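S.K.: sequence isn't available, so here's the structure alone:
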């Protein structure tokens, strides 16, 4: 299966597809101070929201959830919550790799050849699958097209040589 790289990430490429335990995937999210932090998927407001939605159904007061507060602060609020719930129902109907999501694997990356992978794109899908009890999922591993040293050299050149 071929993964699709979003247009906003055209400097990245797919290296390989693989099945990976969900507990080996972390997410980069913003904390209350808007600082990026790395947490296990089951510690994200995304996971807690969908887990509680599954548990309580239509009785769930999602406007009082941490995810709604997170969405209000960092993304598009109520609109984001509605899209998230729609995604959940689509995954229930078609499965993670159903027709609608064909070639739309979650994208992950790893900075070093050891340690947990981080979600590059697909935090909502990973959180839904974790809340549904999946222990592993099919993902695409991505990396930058250009080596970090090349990017650093270009940045330094831009700052010090071209900046004069």
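M.R.: Looks like it arrived, so ask away. Small disclaimer: the values here were computed from a predicted structure and weren't measured.
S.K.: only C-alpha atoms for contact and neighbour calcs from this point on.
M.R.: Noted.
S.K.: what about this structure, any weak spots by pLDDT?
M.R.: Along the chain, segments meeting pLDDT under 70 span 1-2, 98-103, 112-113, 147-148, 150-151, 162-164.
S.K.: surely residue 32 is in a helix?
M.R.: No. Per DSSP: H, G, I helix; E, B strand; the rest coil, residue 32 lies outside any helix segment and is coil.
S.K.: next, count neighbours for it.
M.R.: Per other CA atoms under 10 Å, the neighbour tally for residue 32 reads 11.
S.K.: would you mind measuring from it to residue 79?
M.R.: From residue 32 across to residue 79, the span is 20 Å (CA to CA, to the nearest Å).
S.K.: give the buried residues for stretch 10-19.
M.R.: Within stretch 10-19, the residues scored as buried using 16 or more other CA atoms under 10 Å are 13, 14, 17.
S.K.: my bad, stretch 18-25
M.R.: For stretch 18-25, a neighbour-count test (16+ other CA under 10 Å) marks 22, 25 as buried.
S.K.: and stretch 56-74, by the same measure?
M.R.: By 16+ other CA under 10 Å, the buried positions in stretch 56-74 come out as 62, 65, 67, 68, 69, 70, 71, 72.
S.K.: wait, doesn't the first one sit right on residue 71?
M.R.: If I follow you right, that is residue 62. No. Assessed by CA atoms under 8 Å, residue 62 is found out of contact with residue 71, at 11.3 Å.
S.K.: residues in contact with the residue nearest to residue 45 when sequence neighbours are not counted?
M.R.: In this structure, residue 45 finds its nearest non-sequential neighbour in residue 67, 4.7 Å apart by CA to CA, 6 or more residues apart in numbering. By CA atoms under 8 Å, 6 or more residues apart in numbering, the contact set of residue 67 is 45, 46, 48, 49.
S.K.: which element is residue 67 on?
M.R.: Element membership for residue 67 (DSSP states H and E) is helix 66-74.
S.K.: I figured residue 13 hits residue 145, correct?
M.R.: Yes. Using CA under 8 Å, residue 13 is in contact with residue 145, at 5.9 Å.
S.K.: where's the residue sitting nearest the centre point of the chain relative to residue 36, distance?
M.R.: Nearest to the geometric centre of the chain sits residue 123, at 2.6 Å (CA atoms, centre = their mean). Noted for residue 123: a distance of 14 Å to residue 36, by CA to CA.
S.K.: does the residue nearest to the centre of the chain touch residue 27 like I think?
M.R.: Yes. Using CA under 8 Å, residue 123 makes contact with residue 27 at a distance of 6.9 Å.
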